[in-house]
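**Q** One predicted model, sequence on top.
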Amino acid sequence: MGGGMGISQGAAVRVVTPHSKLAMPETHIGLFPDVGGGWFLARCPGSLGEYLALTGHVLQGGEALAAGLADVLLPAESLAQVVPALAQELGPLGSEATTQAVREALQAMALPQPAARLDTHRSAIDRHFSLPTVPAILDSLEAEGSDWARQTVEVLHHRSPLMMAVSLEQVRRARQMSLAEDLRMERDMVRHCFHLRPGLASETVEGIRALAVDKDHSPRWNPAHSGEVTDEMVQAFFRSPWPAVAHPLRHLD
């Protein structure tokens, strides 16, 4: 989850089991899906990336395959045999031939892709989370009125309204970006999380306080409602505080 997802999504072969749990739950703490989250969520099918970014929904192993966030589903009990099995296949580390051999060896041990829980709601996710703003998404979910829609609205009402809007913009910008461009954007954004509103005024500081420090699970978001979030509040997160020649990640390509 979170940083662990950022690390694992950079792997050439991403392995999960039926017990795996994957998520980018940052809006729950007044943050956004960082560590490349914008880039890899933007490459999920349909509007699944927006849904995962805003809700922080926890994917199981099979769902991660369907979302394009994992490559191989292995039985949990087979993990102890993976390294010995791969040791027989490996050539020079980092070579394309070795990577392909690893893929083929893991696929030989893999489980078939199961039906994912989210498959039932994929058309609804695309319909609602393709809408242009968070208030429009909420209105659409409330109008649907299904159990799933009501549960999703309840989840979203506990997230930071501002950072949901920022995350929605992030994922949509990242669709047109390279990974290096996305990482530079996210470096700008994370600085703004602590400097646009310094100290206790920061949504991120408030989210961490509520979840991890005081543990009252009652964050005082500002704004408190999605309808109060302005475009200017959102766009401020995407203005780099550095000129391109001085950006901390200027050497990424």
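**A** In hand now; what should we look at?

**Q** What's the local residue count around the spatially closest residue to Asp253 that is not a sequence neighbour?
**A** Spatial nearest neighbour of Asp253, excluding adjacent residues (CB to CB, 6 or more residues apart in numbering): Ala180 at 5.5 Å. Every residue, glycine included, has its C-beta placed from N, CA and C. For Ala180, the count of nearby residues is 14 (other CB atoms under 10 Å).

**Q** my guess is Ala180 contacts His247, does it?
**A** No. Counting by CB atoms under 8 Å, Ala180 does not reach His247; the two are 10.6 Å apart.

**Q** Who are the contact partners of Thr17?
**A** Shown in contact with Thr17 (CB atoms under 8 Å, 6 or more residues apart in numbering): 61, 73-76, 79.

**Q** In helices, which of the residues you listed appear?
**A** Per DSSP state H, helices hold the following members of the contacts of Thr17: 61, 79.

**Q** closest to Val134 among the contacts of Thr17?
**A** Set against Val134, the nearest of those by CB to CB is Gly61 (29.3 Å).

**Q** Next one: the closest one from Gly4, what distance?
**A** 14 Å (CB to CB, to the nearest Å).

**Q** When the two are compared, which one has more neighbours?
**A** Between Gly61 and Gly4, counted using other CB under 10 Å, the more crowded position is Gly61 (23 against 11).

**Q** Run through the residues that contact Gly46.
**A** By CB under 8 Å, 6+ apart, the residues touching Gly46 are 122, 125-126, 130.

**Q** same check, this time on Val205
**A** 30, 194, 199.
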